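1. predicted model, plus sequence, below.
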Amino acid sequence: VRVSARAVYSKYRIEPASPIDFGAMIKGTKKTQTVMLENKGMLNFKFRIHQAPKDASTLESKSSMPGESAPSAAKLSTGRKSSSLTQGHLNLGMFTVSPCSGSIGPWGQQKITVDCLAGQEGMCEEQLYVDIIGR
């Protein structure tokens, strides 16, 4: 009896790389940018986006294998520090991210929309955590 298997790990790409900068905006206006999350591997994977933990900058530099990394932290720039997750949307200060969870098949893609509604005057900067489940 012949038995064989091949061990693989989740491979992914996030484009564009962090940071996403909306630049200067007039109060009350809205801008939208997109982020593409691609599955570059042979397995389905699930992803979840949420507010980054306070030590996210240390997570960005850790990696155990090429193509496999700690969850990516994307920095959004343009505030309040409130976050809420409702109906597939994540609200973080001036930013709204959707979808914030899902599944991507082998060689598939998911477009993530990031909206910025310039509310308060001043700079707003948040960090998002893109978690590839089972990496």
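-> Thanks, I have the structure now.
2. and residue 8, how far from residue 29?
-> Distance, residue 8 to residue 29, using CB to CB, to the nearest Å: 45 Å. Glycine gets a C-beta too; all of them are placed from N, C-alpha and C.
3. could you do residue 23 as well?
-> In terms of CB to CB, residue 23 sits 11 Å off from residue 29.
4. give me the neighbour count for residue 5.
-> 5 (other CB atoms under 10 Å).
5. pLDDT score assigned to it?
-> At residue 5, the model reports a pLDDT of 86.
6. how near is it to residue 11?
-> Residue 5 is 18 Å from residue 11, by CB to CB.
7. same thing with residue 94?
-> Taken as CB to CB, the span from residue 94 to residue 11 is 32 Å.
8. and the helices in this structure?
-> Remark: helices assigned in the chain by DSSP state H are 56-60.
9. output the below-cut-off pLDDT ranges for it.
-> Applying pLDDT under 70 to the chain picks out residues 54-87, 135.
10. try 80
-> For the chain, the stretches flagged by pLDDT under 80 are 9-10, 17-18, 52-87, 120, 134-135.
11. tell me where it has strands.
-> 12-15, 20-21, 30-39, 45-51, 72-77, 83-86, 89-92, 95-98, 101-104, 109-117, 125-133 (DSSP state E).
12. residue 111 contacts residue 34, correct?
-> Yes - proximity of residue 111 to residue 34 meets the contact threshold set by CB atoms under 8 Å, at 5.4 Å.
13. so residue 12 makes contact with residue 35?
-> No - with contact defined as CB under 8 Å, residue 12 does not count as touching residue 35 (12.0 Å).
14. picking up where we left off before, residue 1 is nearest to which of the strands of the chain?
-> strand 45-51 (31.3 Å; CB to CB).
15. nice, that's everything, thank you.
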